[in-house]
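*Asks:* 3D model of this:
(2 chains)
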Amino acid sequence: MSARRRTSIPELASVGDDAPVAGQGFGLAGRRRERQHKRSSGLGLRALLAAVVFSACAWSPLWAEGPQGAGAPPEAKEAGRPRSFQISFGADWLMPETVGTTAATMTTNATGGGTTTFFTNKVTRTAAPAFRGRVGYTLTRMVTIEGGFLVSQGTVEDAVSGDAEQAPAVTIGGNSITQYFVDVSVLVRYHTFASGAGVAFLEAGGGYLRQMHEGNVAVDTGQIYHFGNGVIYMFTHRRGSRPTGVGLRADAQLYVRHKGFSVGGSTQGVFVAVGAGLVVAF
Amino acid sequence: MSKRDNRSRCGRVALILRVWLAGMLAVSAPVTARAYQEYGVQVGNRVVLLKWSQAPVRYFIEDRGVPGVARDQLQAAVDRAFTTWHNVPTASVSAQFSGYTSALPFDEDGMTTLGFLDAADEPDVLGETAYVVDDASGAIVEVDIMFNATFPWSVAASGESGHFDLESIALHEIGHLWGLGHSDLGITQVTTGGLRVIAKEAVMFPFVFSPGSISDRTLRADDIAGISDLYPADGFRAATGTADGVVTKNGKGVYGAHVVACSPTSGTLIGNFTDQDGNFSIAGLPPGPVVLRVEPVDNADLESFFDTPSQVDLNFQITYYSRFAVVGAGGGTGLLTIQVAAK
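*Replies:* This next block holds a predicted model:
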């Protein structure tokens, strides 16, 4: 029972500025955690909800252990020290996106018009690698504001079918499409684990989308929104010098595209991306 | 100044309606231009694109009607058709009604005249457009349009069963007046006694819908691309692009292949033909990826499209270009090669 109560993420209830930084005495940190634990009891439902959302449950045993386990180091503060910066960069893998379906139509010879399909296009952006970089500023132990960019080069293809004159269905394309995302996000930490060295977070943001078609001869622009869930695990820290921490970051994002390269009447697309990279905190 | 008389006709076969172009062979040949099929006039060693150099085009209406269509109703229907072309935002064309005349269409009088003629000797012809061209410069002197009075006509707002919609036919013929040729964006079916239109997506398709239809009062993307390419408004060329390429079979260019560009963003269709070397160029395309589909001209009267129809290659399979053609604003795709195989 007590172990379960420890999962109520006491770190998230920290008041922030006066929280101990990396390298401060264990005793102080321990006392503060004890106090925070009481204050955060109302967060249990929120933590439970977040935990359900969070898919990377490999760390769950560590959550149960909690940061106040014997000998827990203060590195937990590294991943969320207020008024600190984080730079992260890494690789993403963008899952395929159905851009849209449209029918090329003709007007039928019928009173009042009407249309018949000449052929149908189903356009897909194939899976694609991406490079992502982010700069974050931690406002409180829970909240970090991030600005970031992502560059990806994939291809687009079109499954053509339903030809009115019985031409066989065919998939065309393979043309490259380079995507640029520039966005601002809010990252909310909702749990610590691994004796405080890691945090799990939720993230949401939005920004500018620019898509360059093959040869950069045509450009589509729009907006991109994302909602994600991930973890940051800090390996090292140094006291009194910078950087104060180096770690790994992994996350999964749900992206919603608005406008940009669109097909048919649909101006929105949805796809998932997973990524991992390095984090430097200072 | 010597002049040439060229005619573009719209007709029907039995009960099946069609429009077709003929009588142009010696003096005016359809040319493959940047978009659509446009007309050219041979002047010396060069081909001059058939288009008006002055605006507005002043036209007269023949001073008589037919049963069901009074003189003023004829004028009003023609005016609406001219206005439809004028309202294309990416094109710059204008016309002005100059009055009624007792002169008949096809009188070589320097006046552009539209009106009814009894053309019982042309039972397939609904309408006909004739050009008078300056032989030295290739400039248009006058263009007359006749509507065959032997057919039942209507100007009813919502169409009239069994009657041909005058505004629709006028819209097509006025397309010829501006210099546009025929589009092949349509599907026809061979029936006893002629052809039947299944569907089409261009007012300038050479076969018309059944009597009573008013669907051809509305210009389609193909028509708009054609008129905009011929008389571009400011910014049109900068905002749109061109797909250029060559259609080959066994390493040789295919003459008369119909190439259709489809923007998957909008689903709009714009077409053109290949020339004798297999080259094509389709302008007025929205920037971005487009799908290219190549087909032989089907079921149609080849003379509606080509001045040397016997050389047109009909023996190849419908083929989609294996990639998107990526069109840039104000630019082209570069020369694309589309290989087709014999049937």
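*Asks:* buried sites along the lengthiest strand in chain A?
*Replies:* Ranked by residue count under DSSP state E, the longest strand found in chain A is strand A:170-193. Of the residues in strand A:170-193, A:172-173, A:175-181, A:183, A:185, A:187-193 count as buried by neighbour count, 16 or more other C-beta atoms under 10 Å in any protein chain shown. (Each C-beta comes from the backbone N, C-alpha and C, glycine too.)
*Asks:* can you name the next helix or strand after it?
*Replies:* Counting by DSSP states H and E, the element after strand A:170-193 in chain order, helix or strand, is strand A:198-213.
*Asks:* run me through the strand neighbours of that following strand, direction for each.
*Replies:* Sheet partners assigned to strand A:198-213 using DSSP bridges are listed as strand A:170-193 (antiparallel), strand A:219-236 (antiparallel).
*Asks:* in a helix, B:Asp216, correct?
*Replies:* Yes - checked against DSSP: H, G, I helix; E, B strand; the rest coil, B:Asp216 lies within a helix.
*Asks:* the nearest residue to B:Phe305 once chain neighbours are set aside: neighbour count?
*Replies:* Setting aside the residues directly before and after it, B:Phe305 is nearest to B:His182 in space (C-beta to C-beta, 6 or more residues apart in numbering or on different chains), at 5.6 Å. The local packing of B:His182 (other C-beta atoms under 10 Å in any protein chain shown) involves 28 other residues.
*Asks:* how many neighbouring residues does the residue in the stretch 151-282 of chain A positioned nearest to chain B have?
*Replies:* Evaluated by C-beta to the nearest C-beta, the stretch 151-282 of chain A has A:Val217 as its residue closest to chain B, separated by 3.1 Å. The number of residues packed around A:Val217, counting by other C-beta under 10 Å, is 19.
*Asks:* output the lowest mean pLDDT helix or strand found in chain A.
*Replies:* helix A:60-65 (a mean of 32; mean pLDDT, DSSP states H and E).
*Asks:* show me what secondary structure element comes after it.
*Replies:* Scanning forward in sequence from helix A:60-65 by DSSP H and E, the next helix or strand is strand A:85-94.
*Asks:* okay, the residue nearest to B:Phe305: pLDDT?
*Replies:* Residue-level confidence at B:His182 comes out at 90, pLDDT.
*Asks:* domain ranges for chain B?
*Replies:* The domain map for chain B lists B:3-227, B:241-339, with the assignment taken from automatic domain parsing.
*Asks:* need the nearest residue in space to the closest residue to chain A within the stretch 101-250 of chain B, chain neighbours excluded.
*Replies:* Sorted by distance to chain A under C-beta to the nearest C-beta, the residues of the stretch 101-250 of chain B start with B:Ala199, at 3.7 Å. Excluding its sequence neighbours, the residue lying closest to B:Ala199 (C-beta to C-beta, 6+ apart) is A:Met106, at 3.7 Å.
*Asks:* now B:Asp313
*Replies:* The shortest distance from B:Asp313 to any non-neighbouring residue, by C-beta to C-beta, 6+ apart, is to B:Val254 (4.9 Å).
*Asks:* go ahead and confirm the one you found touches B:Phe316.
*Replies:* Yes - counting by C-beta atoms under 8 Å, a contact exists between B:Val254 and B:Phe316, whose distance comes to 6.4 Å.
*Asks:* neighbour-wise, which of those two wins?
*Replies:* When B:Val254 and B:Phe316 are compared on other C-beta under 10 Å, the one with more neighbours turns out to be B:Val254, at 28 against 20.
*Asks:* how near is that one to chain A?
*Replies:* B:Val254 sits 16 Å away from chain A when distances are taken as C-beta to the nearest C-beta, to the nearest Å.
*Asks:* ok, back up a step: partners of the helix or strand where the residue nearest to B:Ala199 lies, with directions?
*Replies:* Using DSSP H and E, the element containing A:Met106 is strand A:97-108. Based on DSSP bridges, the strands next to strand A:97-108 in the sheet, each with its direction, are strand A:115-125 (antiparallel), strand B:194-200 (antiparallel).
*Asks:* okay, those in CSV with mean neighbour count, mean pLDDT and distance to B:Leu171 next?
*Replies:* Listed next are these as CSV, based on neighbours: other C-beta atoms under 10 Å in any protein chain shown; pLDDT from 0 to 100; distance: least, C-beta to C-beta, whole Å:
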stretch, mean neighbour count, mean pLDDT, distance to B:Leu171
strand A:115-125, 21, 96, 19
strand B:194-200, 21, 86, 13
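*Asks:* quick one: closest of those strands to B:Leu269.
*Replies:* Of all these, the one in closest proximity to B:Leu269, counting by C-beta to C-beta, is strand A:115-125 (6.8 Å).
*Asks:* quick check: next helix or strand after the closest one?
*Replies:* The helix or strand immediately downstream of strand A:115-125 is strand A:128-138, counting by DSSP H and E.
*Asks:* poorly predicted segments of the chain, please.
*Replies:* You didn't pick a chain, so chain A it is. Low-confidence segments of chain A, defined by pLDDT under 70, span residues A:1-80, A:237-243.
*Asks:* switch to chain B, please.
*Replies:* For chain B, applying pLDDT under 70 flags the ranges B:1-37, B:299-300.
*Asks:* can you list contacts of stretch B:321-328?
*Replies:* Residues from elsewhere that reach stretch B:321-328 (C-beta atoms under 8 Å, 6 or more residues apart in numbering or on different chains): A:156, A:158, A:172-175, A:213-215, A:217-218, B:240-243, B:245, B:261, B:285-294, B:333, B:336, B:338.
*Asks:* got the end-to-end distance for it?
*Replies:* As for stretch B:321-328, its first-to-last residue distance stands at 18 Å under the measure C-alpha to C-alpha, to the nearest Å.
*Asks:* what residue in chain B comes nearest to chain A?
*Replies:* B:Gly328 (3.1 Å).
*Asks:* list the contacts for the nearest residue to that residue once chain neighbours are set aside?
*Replies:* Excluding the flanking residues, the one nearest B:Gly328 by C-beta to C-beta, 6+ apart is A:Val217, at 3.1 Å. With C-beta under 8 Å, 6+ apart as the criterion, the residues that contact A:Val217 are B:Gly241, B:Pro287, B:Val326, B:Val327, B:Gly328, B:Gly331, B:Thr333.
*Asks:* quick one: A:Val217 and B:Thr333, what's the gap?
*Replies:* With distances defined as C-beta to C-beta, to the nearest Å, the gap from A:Val217 to B:Thr333 amounts to 8 Å.
*Asks:* any common contacting residues for these two?
*Replies:* Overlap of the contact sets of A:Val217 and B:Thr333 (by C-beta under 8 Å, 6+ apart) consists of B:Gly241, B:Val326, B:Val327.
*Asks:* find the helix or strand that the second one is a member of.
*Replies:* So that's B:Val326. Taking DSSP H and E as the criterion, the element that holds B:Val326 is strand B:325-327.
*Asks:* tell me what the helix or strand following that strand is packed against?
*Replies:* Reading on from strand B:325-327 to the C-terminus, the next helix or strand found by DSSP H and E is strand B:332-339. Helices and strands in packing contact with strand B:332-339 are listed as strand B:241-249, strand B:288-295, strand B:325-327; criterion 3 or more C-beta pairs under 8 Å, 6 or more residues apart in numbering or on different chains; DSSP states H and E.
*Asks:* got those as JSON lines, with mean neighbour count and distance to B:Ala81 columns?
*Replies:* Rendered in JSON lines, the data for the helices and strands packed on strand B:332-339 read as follows (neighbours: other C-beta atoms under 10 Å in any protein chain shown; distance: least, C-beta to C-beta, whole Å):
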{"stretch": "strand B:241-249", "mean neighbour count": "22", "distance to B:Ala81": "28"}
{"stretch": "strand B:288-295", "mean neighbour count": "24", "distance to B:Ala81": "30"}
{"stretch": "strand B:325-327", "mean neighbour count": "26", "distance to B:Ala81": "30"}
